[in-house]
Each structure stands twice: as structure tokens, then as C-alpha cells.
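Engineer: Let's see this in three dimensions:
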Amino acid sequence: MASQTLTEWSNGLCDCFEDASTCCYGFWCCPCLACTVSGKFGENQCLPLCDICSPAVLTACGIPLFVPPAVLSLRVAMRNRYGIKGSICKDIAASCFCVWCSWCQMHRELKHRNQAPTVVNMQPAPVVMVQRGAPPAVFMNQPGVIMSSY
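Structural biologist: Okay, here's the model as predicted:
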């Protein structure tokens with residue numbers, strides 16, 4: 001595995017006012033922002049609902065949950081994918097004590113990197129082998145387009 005040069009986040013955890021639209025989105029509807037970030041990062045958009053539902057369900061079963069799982073996992077995954085400096089301890093602290101700021105920071109990072117899930121379909125071009133003296137080959141390259149080797 002090649003070593004990757006680590007970089008900083010494109011913005012700080014508390015730089016909410018650098019991007020007013022993200023700040024307002026996170027302040028007025030943080031669950032919606034969280035679902036947007038999750039979807040833009042290529043994960044299931046409903047993943048952040050674990051942060052809302054799992055503490056109540058687990059506490060009812062007698063298991064306290066202090067770290068929101070979705071924000072922590074996405075934060076770590078984003079750091080790993082983009083080679084951002086940090087540690088799991090810093091991610092836990094940001095996830096526990098600055099949940100809204102953490103979602104806003106990740107949203108700004110995705111906007112900075114202009115990331116949306118990209119599906120690349122790499123299919124090789126069709127190849128036809130023709131023997132000398134054989135009748136000319138005819139094949140379809142695209143639906144409705146017939147190509148000939150005359």
C-alpha cells in the first residue's frame with residue numbers, strides 16, 4: 001500500500017459561519033443535513049437515523065450509548081478516504097460533544113472536494129476477429145447502429 005500524504009480538513013470544526021447555508025441547514029434541521037452528508041458520501045441516507053434511534057433502544061435494554069455511531073463512523077471513513085490528519089480520539093470527542101459542528105464540517109468538506117458518488121462503468125470496446133478470406137464481418141456497436149468492415 002502506497003503511503004498517502006495526510007492533509008488537514010479543508011475547514012475547522014467550528015468554522016460554521018464560513019458557509020452560511022450549511023450552518024443554517026445544520027442548525028435548523030441537523031437530521032436532514034446528516035442524511036444529506038451520508039448520501040453524498042455514498043452511504044445509505046438513513047444511516048444517521050441510528051444516531052437518533054439507537055441510544056433510546058439500547059438504553060431501554062440497559063446498555064448506555066454515549067458515542068453516536070453514524071457520525072463517528074462517517075467521520076473516520078471520510079478521514080481515511082481523503083487522507084485527513086486526525087485520530088480516533090479526536091473523532092470520538094467531536095462526535096460526542098460537537099455533533100452538529102461535526103456534521104457541518106463533513107458537509108463543508110464534501111462541498112470543498114465536490115464529491116458525489118460517482119459510478120464509473122468501464123466496459124471494453126467490442127472486438128471482432130476476422131480471418132483473411134472470410135466474408136466481411138458485421139456487428140452491432142450500439143443498439144440500432146450496424147457497422148460493417150467493407
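Engineer: Please, which helix or strand holds Thr59?
Structural biologist: Per DSSP states H and E: Thr59 is located in helix 49-60.
Engineer: After that helix, which helix or strand is next?
Structural biologist: Using DSSP H and E, the first helix or strand after helix 49-60 is helix 69-82.
Engineer: With Phe27 as the reference, measure out to the spatially most central residue of the chain.
Structural biologist: Taking Cα atoms, centre = their mean, the centroid of the chain lies closest to Phe41, which sits 1.3 Å from it. Between Phe41 and Phe27 the computed distance is 21 Å (Cβ to Cβ, to the nearest Å). (C-beta placed from N, C-alpha, C; glycine too.)
Engineer: again with Asp51
Structural biologist: In terms of Cβ to Cβ, Asp51 sits 17 Å off from Phe27.
Engineer: re earlier: so what pLDDT did the residue nearest to the centre of the chain get?
Structural biologist: pLDDT for Phe41: 92.
Engineer: from what I can see it touches Arg79, true?
Structural biologist: No: assessed by Cβ atoms under 8 Å, Phe41 is found out of contact with Arg79, at 11.8 Å.
Engineer: can you give me the helices in the protein?
Structural biologist: Using DSSP state H, the helices of the chain run over 20-28, 30-40, 49-60, 69-82, 88-97, 99-113.
Engineer: So which bits of the longest one are buried?
Structural biologist: Buried positions in helix 99-113, judged by neighbour count with 16 or more other Cβ atoms under 10 Å: Val99, Cys101, Ser102, Trp103, Cys104, Gln105, Met106, His107, Arg108, Glu109, Leu110.
Engineer: Surely Val76 and Lys90 touch.
Structural biologist: No: with contact defined as Cβ under 8 Å, Val76 does not reach Lys90; the gap is 10.2 Å.
Engineer: Which one's more surrounded, the two?
Structural biologist: Val76 (16 against 13; other Cβ atoms under 10 Å).
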